[in-house]
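Peer 1: heads up, no residue letters with this:
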């Protein structure tokens, strides 16, 4: 009965067509992701290695150089995924790992 109920459920709607929004919950150093990495849940849009992100506030452009989802390297992620991003540069807005 449980399997039938799960099969009957409609798929979750994900916001693919709106601007990308990542809610960051951690910043850290990683031997796999690089000197500046962040993790969080992708709330809207998609991300891929090579994409540019706009860090707000401050409108600083950051480049995605590595991407993982739940510890597994991936080429792209979509809204709803938990992600870890390796960024090519450290933000110049005063953010620092461990500064919170």
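Peer 2: Nice, I can see it. Quick caveat, the model's predicted, so the values are computed rather than measured. Residues are numbered from 1 along each chain as shown.
Peer 1: residues contacting the residue positioned nearest the centre of the chain?
Peer 2: The chain has residue 83 as the residue nearest its centroid, 4.2 Å off, counting by CA atoms, centre = their mean. Taking CB atoms under 8 Å, 6 or more residues apart in numbering, we find residue 83 in contact with 22, 39-42, 47, 67-69, 77. In short, each C-beta sits where N, CA and C put it, glycine included.
Peer 1: redo that, cut-off 7 Å
Peer 2: Residue 83 makes contact with 39-40, 42, 47, 67-69, 77, according to CB atoms under 7 Å, 6 or more residues apart in numbering.
Peer 1: could you point out which element follows the lowest-mean-pLDDT helix or strand in the chain?
Peer 2: Lowest on mean pLDDT, DSSP states H and E among the helices and strands of the chain sits strand 52-55, with a mean of 84. The element immediately downstream of strand 52-55 (helix or strand, assigned by DSSP states H and E) is strand 60-69.
Peer 1: and that following strand, what's its mean pLDDT?
Peer 2: Strand 60-69 comes out with an average pLDDT of 89.
Peer 1: indicate each strand paired with it and its parallel or antiparallel sense.
Peer 2: Its sheet considered, strand 60-69 pairs with strand 52-55 (antiparallel), strand 72-73 (antiparallel), strand 82-87 (antiparallel) by DSSP bridges.
Peer 1: and residue 1, which of the ones you listed is closest to it?
Peer 2: strand 82-87 (30.1 Å; CB to CB).
Peer 1: the helix or strand where residue 36 lies - contacts with which helices or strands?
Peer 2: Assigned by DSSP H and E, residue 36 belongs to strand 34-44. Here strand 34-44 is seen to pack against strand 21-30, strand 82-87 when contacts are counted using 3 or more CB pairs under 7 Å, 6 or more residues apart in numbering; DSSP states H and E.
Peer 1: same question for the next helix or strand after that strand: list its buried residues.
Peer 2: Next in sequence after strand 34-44, counting helices and strands by DSSP H and E, comes strand 46-48. The neighbour-count check on strand 46-48 (16 or more other CB atoms under 10 Å) flags 46-47 as buried.
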